[in-house]
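Asks: I'll drop the sequence and a predicted model, then ask my questions.
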Amino acid sequence: MSDSDRAPGDLVRRISHAVRSPLGVITGALRQDDADLDPAIRARMLDIAARAATKIEYLADRLALAGRLQSDAAPSMVACELAELVRAAVTRIETLRARRGVTVDVGEPPDDVRVIGDPPLLTAAVSELVDNALRFAKTRVRVDVQLDEGHACVRVEDDGAHLDATQVEAGWTRDQPLSDRSGLGIGLWLATTIAQHHGGRVTLHADSPTVFVLTLPRP
């Protein structure tokens, strides 16, 4: 069996696992819900269940986004402030995947970092890079918006394990080689494909710390 034949089955397995884990959390919370349960414990259980439901919603959004990128639908290009999209992306991922002992710092951006792009797509691209960094960071993630010779850049740095550049070339995240935490393995593919739709790119600086840079042309 060729690698191309195995890839769809592997993705289906990853999707199944990604859905099963938060679904199990929701089911467990519902089964333990009881009118006589301590109100504080009950509130905590419902909060955990709500967070698990949010993860399933995020998974569905990512799969829909992957489908959109593989279709012929053209991005809706408008002028947008990149720093605002970055803040929205970081807020979403922090809510979804907060990790005890890991901080996410967002640097002060330059003034007027506007790009022409599809805001939901660009927010998704940044979200994928921040999500990837947050899952593998040891203690910190740093996100900066920068200007570089007529381009706008989003720099996402984490202090996690070293990443082999060949994995990026293959379009996969670090899930399998560096961690037993499972993921879909499409995050960097989504980010790089969105960048390409906007005439940009995602590059890796695989030194320590690991840094991904999303580079977009400016109007």
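Replies: The structure has been received and is ready for your questions. Numbers count the residues shown, from 1 in each chain.

Asks: If we go by neighbour counts, what in stretch 81-99 is buried?
Replies: Within stretch 81-99, the residues that qualify as buried are 81-83, 85-90, 92-94, 97, counting by 16 or more other Cβ atoms under 10 Å. Backbone N, C-alpha and C define where each C-beta goes, glycine included.

Asks: Following the chain onward from the lowest-mean-pLDDT helix or strand in the chain, which element is next?
Replies: Lowest by mean pLDDT, DSSP states H and E among the helices and strands of the chain is helix 175-178, with a mean of 37. Once helix 175-178 ends, the next helix or strand along the chain (criterion: DSSP states H and E) is helix 187-197.

Asks: Next SSE downstream of that next one?
Replies: By DSSP H and E, the next helix or strand past helix 187-197 is strand 201-205.

Asks: Can you list the low-confidence ranges for this protein?
Replies: Within the chain, the segments meeting pLDDT under 70 span 1-18, 20, 33-36, 163-185, 206-208.

Asks: what about the spatially most central residue of the chain, helix or strand, and which?
Replies: When Cα atoms, centre = their mean is applied to the chain, the residue found nearest the centroid is Glu128 (2.3 Å). Assigned by DSSP H and E, Glu128 belongs to helix 119-136.

Asks: for Ala60, same thing?
Replies: Per DSSP H and E: Ala60 is located in helix 39-69.

Asks: So which elements touch that helix?
Replies: Helix 39-69 sits against helix 3-32, helix 82-97, helix 119-136, helix 187-197, with contacts defined as 3 or more Cβ pairs under 8 Å, 6 or more residues apart in numbering; DSSP states H and E.

Asks: Distance to Val104 for the ones you listed - can I get that in a markdown table?
Replies: As requested, the helices and strands packed on helix 39-69 are arranged in a markdown table below (distance: least, Cβ to Cβ, whole Å):
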| stretch | distance to Val104 |
| --- | --- |
| helix 3-32 | 21 |
| helix 82-97 | 6 |
| helix 119-136 | 6 |
| helix 187-197 | 16 |
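
Asks: Check the ones you listed for me and report the most buried one.
Replies: Highest mean neighbour count among those (mean count of other Cβ atoms under 10 Å): helix 119-136, with a mean of 24.

Asks: which residues are contacting stretch 53-67?
Replies: 15, 18-19, 22-23, 26, 92, 95-96, 121, 124, 184, 186, 189-190 (Cβ atoms under 8 Å, 6 or more residues apart in numbering).
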